[in-house]
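J.: below are the sequence and a predicted model; questions follow.
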Amino acid sequence: MMGCPKPGTELKTDGKSIPMKEQQTDILIVGAGLGGVGAALAALRLGKKVIMTEETDWMGGQLTAQAVPPDEHPWIETTGCTASYRQLRYKIRNYYRRNYPLTPAARADVNLNPGLGGVSPLCHEPRVALAALEEMLAPYRSGRQIEVLLRHRPIFAETDGDRMLSVTLLNKENGQKTVIHAPYILDATAMQTSHESKASRTAACNLPSATRRREASM
């Protein structure tokens, strides 16, 4: 368990100290898989400022970092998904049409399956899904309505009863710690690095709130 981060400076392993950063936003989304990105888009369309964090190098979860094609139901081409997800599927296909040397038949195929895989009607490369997601977020990035923090791991959550007040994140590149405060915090994480971290999170949730504020780790 980690203790509550203290204001001021944080000691790095090389002996140098750097100040802990603090940020404020309307909505903090911890985890940038498809669920996290979908939540971010919904909040952005409502005019909210968003900070979205991701522990890995890529947002997109299953479609990107995990290199797994979408697991979809048989009627996905006509019904049974959100408008944002349908837009993502369109952008993935359109990326191939714009940038790849497709045959005329493939280019004209409305339901193009770039990888011709049998496990999904939309088998594609991870980098193409990432490009599509980046394009969906681009208008909000340009207006500085959203900030995406990659390679940032959640290490501490401050709570008051059942309400989460802030999350402390560790920059995996330089060891910088950042405390982000928000009235709304969404846990969109989908990865566990070990059984121990999962057990620690479960134990933290069962602690009394006063103890949780001091000791709980994400």
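T.: Sure thing, it's come through. Numbering: from 1, shown residues only.
J.: mind listing the strands for the protein?
T.: 9-11, 17-19, 21-24, 27-30, 50-54, 146-150, 152-160, 163-171, 177-181, 184-187 (DSSP state E).
J.: mean pLDDT, mean neighbour count and distance to residue 131 added to those strands, as a markdown table?
T.: (C-beta placed from N, C-alpha, C; glycine too.) Formatted as a markdown table, the strands of the chain follow (pLDDT from 0 to 100; neighbours: other Cβ atoms under 10 Å; distance: least, Cβ to Cβ, whole Å):
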| stretch | mean pLDDT | mean neighbour count | distance to residue 131 |
| --- | --- | --- | --- |
| strand 9-11 | 52 | 13 | 35 |
| strand 17-19 | 73 | 11 | 34 |
| strand 21-24 | 96 | 14 | 27 |
| strand 27-30 | 98 | 24 | 21 |
| strand 50-54 | 98 | 26 | 16 |
| strand 146-150 | 98 | 18 | 14 |
| strand 152-160 | 95 | 19 | 22 |
| strand 163-171 | 96 | 19 | 25 |
| strand 177-181 | 97 | 18 | 27 |
| strand 184-187 | 96 | 18 | 24 |
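J.: Serialize these to CSV and add fields for distance to residue 91.
T.: Formatted as CSV, the strands of the chain follow (distance: least, Cβ to Cβ, whole Å):
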stretch, distance to residue 91
strand 9-11, 40
strand 17-19, 39
strand 21-24, 30
strand 27-30, 21
strand 50-54, 18
strand 146-150, 17
strand 152-160, 26
strand 163-171, 29
strand 177-181, 29
strand 184-187, 23
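J.: looking at these, which is closest to residue 117?
T.: Nearest to residue 117 among these is strand 50-54; the distance by Cβ to Cβ comes to 26.0 Å.
J.: any weak-confidence spans in this structure?
T.: Regions of the chain meeting the criterion pLDDT under 70 cover residues 1-17, 191-218.
J.: so which residue is dead centre in it?
T.: For the chain, the residue sitting closest to the mean C-alpha position, by Cα atoms, centre = their mean, is residue 32 at 0.8 Å.
J.: now that one: how far from residue 98?
T.: Going from residue 32 to residue 98 by Cβ to Cβ, to the nearest Å gives 25 Å.
J.: likewise for residue 61?
T.: 24 Å.
J.: okay, the two: which has more neighbours?
T.: Ranked by neighbour count (other Cβ atoms under 10 Å), residue 61 and residue 98 place residue 61 first, with 24 against 10.
J.: once you drop chain neighbours, what's closest to the more buried one?
T.: In this structure, residue 61 finds its nearest non-sequential neighbour in residue 33, 2.7 Å apart by Cβ to Cβ, 6 or more residues apart in numbering.
J.: does the one you found really touch residue 62, like I thought?
T.: Yes - using Cβ atoms under 8 Å, residue 33 is in contact with residue 62, at 6.7 Å.
J.: so if I had to pick from these two, which one is more boxed in?
T.: Comparing residue 33 with residue 62 by neighbour count (other Cβ under 10 Å), the higher total belongs to residue 33, at 21 against 17.
J.: in contact with the more buried one: list those residues for me.
T.: Counting by Cβ atoms under 8 Å, 6 or more residues apart in numbering, residue 33 makes contact with 59, 60, 61, 62, 188, 190.
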